[in-house]
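Visitor: have a look; sequence and predicted model below, questions after that.
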Amino acid sequence: VQLQASGGGLVQAGGSLRLSCAADGGTFSSYDGAWFRQAPGKGREFVAAILRSGTTSYVDSVKGRFTISKDNAKNTMYLQMNSLKPEDTAIYYCGVRRNSAYRYGGWGQGTLVTVSS
């Protein structure tokens with residue numbers, strides 16, 4: 001599966017962005033999907049996941065602000081980000097896995113989100 005993340009940009013603190021992840025060669029009905037991010041000088045960290053069943057999970061720092069969703073018909077996963085903070089600044093990547101026995105992968109180039117204070 002080839003993944004392409006888009007929708008990043010520069011936004012002021014408190015603003016919103018919606019990221020999209022388009023899948024080529026597979027559908028999110030067959031995979032678990034997730035968003036990760038990598039801030040400057042830091043490792044890649046988990047942000048949110050949506051299982052094939054639709055069950056979602058989030059890292060504590062984004063709970064109540066971010067919402068992950070998917071449209072299986074469009075082969076696209078989304079991350080709605082509200083009340084953005086400067087510490088959300090990072091390159092955001094989307095990944096997929098067949099099930100919990102596998103690691104997430106299929107990373108594309110990512111999309112840069114910059115939140116100014």
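Guide: That came in fine, so what should we check first? Numbering: from 1, shown residues only.
Visitor: what stretches of this protein score poorly on pLDDT?
Guide: By pLDDT under 70, the chain has no low-scoring segment.
Visitor: pick out the residue nearest the middle of it.
Guide: The residue lying closest to the centre of the chain (CA atoms, centre = their mean) is Trp35, at 2.7 Å.
Visitor: now that one: how far from Leu3?
Guide: 11 Å (CB to CB, to the nearest Å). All C-beta spots, glycine's among them, are computed from the backbone N, C-alpha and C.
Visitor: now do the shared contacts for the two.
Guide: Cys21, Cys94, Gly95 (CB atoms under 8 Å, 6 or more residues apart in numbering).
Visitor: picking up where we left off before, apart from its neighbours in sequence, what residue is nearest the residue nearest to the centre of the chain?
Guide: Leaving aside its chain neighbours, Trp35 sits nearest to Val47 (4.4 Å; criterion: CB to CB, 6 or more residues apart in numbering).
Visitor: in its sheet, what does whichever helix or strand the one you found is part of sit against?
Guide: Secondary structure assignment for Val47, by DSSP states H and E: strand 44-50. Strand 44-50 has its sheet partners listed here by DSSP bridges as strand 32-38 (antiparallel), strand 56-58 (antiparallel).
Visitor: great, nothing more from me.
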